[in-house]
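>>> Fold the following.
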Amino acid sequence: MESRFANVATTVAYVGDSTCVGCHAASAEAYARHSMARSFHPWTPAVRVESTLVRALLNVPTGYAYRVVDSGGALYQVETRPGDAATPVHELRRRIDYVMGSGRLARTYFTEENGRLFQLPLTWYADHGWDFSPGYEVNNARFSRTLPDRCIACHSSYPQAAPHLEGKYPVLRPGIGCERCHGPGALHVQTRQASAAAGLAAGLAAAVRDTGARVPGGTFDSTIVNPARLPLDRRLDVCEQCHVHTSVAVLRERRKAFDFTPAGQLAAQYAFFKNGGDIDLVSHADRLRQSACFVASKDSSTPLECASCHNPHEPPPTKATRNQPCLSCHSGSSLATRVPAASRATHTPASDCVSCHMPVVKERTVPHGTFSDHWIRVPGRDTPRTTPPMLPIEPYFTRDRDGPEAARHGAMGKVVFAALANDGRVFDQAATELAPLLTRGADTPQAYFLLGVAHNQRGRSTEARDAFTRAAALDPRNPDILRALAQVTHRLGKTDDALALYVRALAVQPALAWVRAEYADVLQQDGQLDAAIREYRAALREQPSLATAHFTLGLALLAQQQIGEAGQALTEAVRLDPALAGALDALLDVQAKGSRVSNVQPLLSPATLVRAARATPGSLGVRVASPTAVQFTNTPPNGFVLVSAPDGTLLLAVPTGTGGSVTWDLRTGEGRPIGAGLYRAEVQARGGALMPGARSSAYFAIVRR
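Sure, this is the predicted structure:
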């Protein structure tokens, strides 16, 4: 549907809330008191609500403990790993730079590194205090989880994003502002300023540049979106852009995270999928759609919708006033006739409708989080209107159930779900479904890319290369696609082609530090040590906290016999990530001739690690077994040792046989000697489950000279 509003029909700039305040002071003052206005902002002492945390919180799966300290008027989250003595074997601290969340429920935090934002492990919960950020108690990302575009898109009004680089925003506006619901404001501001300069009569003519769409009452100002002038579905889309949470969200082809604007169709931006029919309670708009009040009124002139109760241009309702929308339909007289006599005393105009019919419930995905459930119902009588689950995922929008692209987007959603759930069976299913739906000539680079991901995760390198090649042909300046193609091309033995692909990706976005470090890895494996060292150092200038790049830089320096500098790089790597200390116990000097390893021997670490954390007894180990092989120790029977790159890319699976120990000839799944670099071995027990606990994984490192 073509928009009647000119500010979203063409490219128009955003101007920021400060420009709106001059003419809309009253609305701005009221909105400033809403939680949405405080959804994201820099942390300063003036907005501090948090206490420090003296007694550390222990993350049991990883052994790291976290405190919050005040230093020089700033707050820091401090990570330690307790040792045998009072002094920890490890300490790392990151400053709190940004706050996400108004604080009504919680505030989570981000630290800035060279303009890039990374989430911190601890969140402040209003009714609890400090605890782990959502997801960290299960999968502790420490200080490496970047701020995704999908998150900031709902907590800030259209930041200026660095292309192809999540978490780095040259312009980052605090909070959800006016333009989030009204669209970009430059055209409106220019028109109003021209009106003031040209006089009232000319201004009125300019301000109501009617595009032909008429509404009751005559013409309207088409230079800025007024959500009240939109059809109900489009009004709901304005809210649902942030208030629908599904387990899987797939951007449509050629769409970016910040492309949605008010008056547009949210279904044209995303394909949303529920997991097994489930949807989070914080998907308030979806819960509202299940309500009998919404269903009964949606075709009327005054439907019950989000803005019926949440008007951002008015102060937030109090407990005494929040029931007024209910009384517009459920007056005292109607209640007297519809409610059983025994309940009439609690169903008066003065009663609190919300607390009973929209009960506060626990949200499973947010620790210490409770929300008013926006499914309005009679407790104990009504049931939610849900469809039977279509495992593993169920489409949210109608067009993804029965539209012409439904099958393709469904298969794409399964790839994303499989990646999140690490489910190989769904990868197989998704690839089988998606491949025949793709035709040459169709503009579907994202679909080809996800097909490549599915093949790649199942170890089908040739099929993955073909899919990534098609994606790159359709979208030749997409670094994610070029990187994926480079990885699989290198794995197939085409080193020169892989290097050229990395160069292309970095030409598009030079700040992709981890991609540059991978490029350096391939250079090192190709024997181009000077070039590799140069690229590692460039990557670390962009992202100094990239521990694996410090480590692999140390390996390259070690191969050049630059022992002092190698020790410094390796020491810094372990300071940033103590788990890498294990790789210094399994530091291997490997020599190869042709397709076979000719010699392997252990190397002494040049790193000055006085109190480095070492492997515990019974852990998976890596040691030299013979002049041409290594041995994995403490392995279970009838399982596998999975050998992967640090980013999780699987290189090969070594069967464990009867268990105890298994020998490996240091060749990859493609039959070539393993290259220089850092690697991770992980035990997979019978049945495909990764083994938990101390014996589950180990790092090792290869030096080639």
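
>>> For the stretch 351-500 of the chain, just list every one of the strands.
360-362, 370-372, 393-395 (DSSP state E, counting those that start in this stretch).

>>> looking at those strands, which is buried most?
Stretch with highest mean neighbour count among the strands of the stretch 351-500 of the chain: strand 393-395 (a mean of 24; mean count of other CB atoms under 10 Å). For glycine as for every other residue, the C-beta is placed from the backbone atoms N, C-alpha and C.

>>> In terms of pLDDT, where does residue 583 sit?
Residue 583 is assigned 93 on the pLDDT scale.

>>> Begin at 28 from now on, thanks
Let's use 28 as the start, then, which means that last one is residue 610.

>>> part of a helix, is it?
Yes: counting by DSSP: H, G, I helix; E, B strand; the rest coil, residue 610 falls inside a helix.

>>> Tell me the secondary structure at the nearest residue to it once chain neighbours are set aside.
Nearest residue to residue 610, sequence neighbours excluded (CB to CB, 6 or more residues apart in numbering): residue 726, at 3.7 Å. Three-state call for residue 726 (three-state DSSP): strand.

>>> any idea how far residue 608 is from residue 726?
Distance of residue 726 to residue 608, given as CB to CB, to the nearest Å: 8 Å.

>>> ditto for residue 419
The spacing between residue 419 and residue 608, counted by CB to CB, is 38 Å.

>>> Which one of the two is surrounded by more residues?
residue 608 (24 against 20; other CB atoms under 10 Å).

>>> So what are the structural domains in this structure, by residue number?
67-182, 603-732 (automatic domain parsing).

>>> Identify whichever of those domains lies nearest to residue 472.
Closest approach to residue 472 among the domains of the chain (CB to CB): domain 67-182, 17.9 Å.

>>> Just checking the distance from that closest one to the centre of its chain.
Relative to the centre of its chain, domain 67-182 is centred 17 Å away, using CA atoms, centre = their mean, to the nearest Å.

>>> can you give me the end-to-end distance of it?
Domain 67-182 has an end-to-end distance of 6 Å (criterion: CA to CA, to the nearest Å).

>>> Any regions of the stretch 428-577 of the chain where pLDDT drops low?
The model of the stretch 428-577 of the chain has no residue with pLDDT under 70.

>>> Okay, helices next: where are they in it?
433-448, 451-461, 472-484, 488-501, 506-518, 522-535, 540-552, 556-569, 574-586 (DSSP state H, counting those that start in this stretch).

>>> Let me know the angle separating the longest one from helix 472-484.
Think helix 433-448. Per axes from the mean of the first three to the mean of the last three CA atoms, to 10 degrees, the angle that helix 433-448 makes with helix 472-484 is 40 degrees.

>>> tell me which residues in helix 433-448 are buried?
Under the neighbour-count criterion of 16 or more other CB atoms under 10 Å, helix 433-448 has 433, 435-446 buried.

>>> just those residues now: which is nearest residue 361?
Out of those, the member with the shortest distance to residue 361 (by CB to CB) is residue 433, at 42.3 Å.

>>> quick one: that closest one and residue 478, what's the gap?
Where residue 478 is concerned, residue 433 sits at a distance of 17 Å (CB to CB).

>>> ok so, going back, looking at the strands of the stretch 378-527 of the chain, which is closest to residue 120?
Short answer: strand 397-399, nearest of the strands of the stretch 378-527 of the chain by CB to CB, at 31.6 Å.

>>> which helices and strands sit right next to the closest one?
strand 387-389 (3 or more CB pairs under 8 Å, 6 or more residues apart in numbering; DSSP states H and E).

>>> Okay, now the sheet partners of the strand it packs on, with direction.
Here strand 387-389 is paired, per DSSP bridges, with strand 397-399 (antiparallel).

>>> returning to that earlier point: could I get the domains of the chain as CSV with distance to residue 210?
Output for these, formatted as CSV (distance: least, CB to CB, whole Å):
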stretch, distance to residue 210
domain 67-182, 15
domain 603-732, 38
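
>>> Lowest average confidence across those domains, which one?
Among the domains of the chain, domain 603-732 scores lowest, at a mean of 85.

>>> Can you list the neighbours in contact with the one helix or strand residue 105 maps to?
Assessed by DSSP states H and E, residue 105 sits inside strand 101-108. By CB atoms under 8 Å, 6 or more residues apart in numbering, the list of residues contacting strand 101-108 from outside reads 70, 75, 77, 79, 83, 90-97, 115-123, 136, 138, 147-149, 169-170, 605, 640.

>>> Sort out for me which of those are in strands.
In this view, the contacts of strand 101-108 that belong to strands under DSSP state E are 83, 91-97, 117-122, 136, 138, 149.

>>> returning to that earlier point: of all the domains of the chain, which lies closest to residue 403?
Using CB to CB as the measure, domain 67-182 is the one of the domains of the chain that comes nearest residue 403, at 20.7 Å.

>>> and the nearest residue to residue 156 once chain neighbours are set aside, backbone torsions?
Spatial nearest neighbour of residue 156, excluding adjacent residues (CB to CB, 6+ apart): residue 78 at 7.0 Å. Phi and psi for residue 78, reported as degrees, to the nearest 10, are phi -90, psi 170.

>>> Need the buried ones from the ones in strands among the contacts of strand 101-108 selected in PyMOL.
Applying 16+ other CB under 10 Å to those, the buried members can be selected in PyMOL as follows:
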select buried, resi 83+91+92+93+94+95+117+119+121+122+136+138+149
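
>>> Tabulate the CA atom coordinates of the strand holding residue 105 in PDB.
What follows is strand 101-108, C-alpha atoms only, in PDB (Å, rounded to 0.1, in the frame of the first residue of the first chain):
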ATOM      1  CA  ALA A 101      32.400   5.400  37.300                       C
ATOM      2  CA  LEU A 102      30.900   1.900  37.800                       C
ATOM      3  CA  TYR A 103      32.800  -1.200  36.600                       C
ATOM      4  CA  GLN A 104      31.900  -4.800  36.400                       C
ATOM      5  CA  VAL A 105      34.800  -6.900  37.500                       C
ATOM      6  CA  GLU A 106      35.400 -10.500  36.500                       C
ATOM      7  CA  THR A 107      37.600 -12.800  38.600                       C
ATOM      8  CA  ARG A 108      38.300 -16.500  38.800                       C
END
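
>>> buried residues in it?
For strand 101-108, by 16+ other CB under 10 Å, it's 102, 103, 104, 105, 106, 107, 108.

>>> cool, and stretch 685-704?
So, applying 16+ other CB under 10 Å, buried residues of stretch 685-704: 689, 691, 692, 693, 694, 699, 700, 701, 702, 703, 704.

>>> List the contacts of the closest residue to the fourth one other than its chain neighbours.
With CB to CB, 6+ apart as the measure, residue 624 is the residue that lies nearest to residue 693, at 4.6 Å, once sequence neighbours are left out. For residue 624, the contacting residues are 617, 618, 655, 656, 692, 693, 694, 700, by CB under 8 Å, 6+ apart.

>>> Please repeat the previous calculation with a cut-off of 10 Å.
617-618, 653-657, 691-694, 700-701 (CB atoms under 10 Å, 6 or more residues apart in numbering).

>>> beta partners for it?
Beta-bridge partners, per DSSP bridges, of residue 624: residue 619.

>>> Over to the one 5 residues further on?
Partner residues in beta bridges with residue 629, using DSSP bridges, are residue 615.

>>> What's the local residue count around it?
Count around residue 629 with other CB under 10 Å applied: 14.

>>> for the one 4 residues further on, same thing?
Residue 633 has 20 neighbours, counted by other CB under 10 Å.

>>> Which residue ranges of the stretch 628-732 of the chain form strands?
Under DSSP E, counting those that start in this stretch, the stretch 628-732 of the chain gives strands at 648-653, 656-662, 667-671, 677-682, 687-691, 704-711, 724-730.

>>> again, but for the stretch 178-327 of the chain
Using DSSP E, counting those that start in this stretch, strands in the stretch 178-327 of the chain cover 275-278, 297-302.

>>> okay, the ones you listed, which one's buried deepest?
strand 297-302 (a mean of 24).
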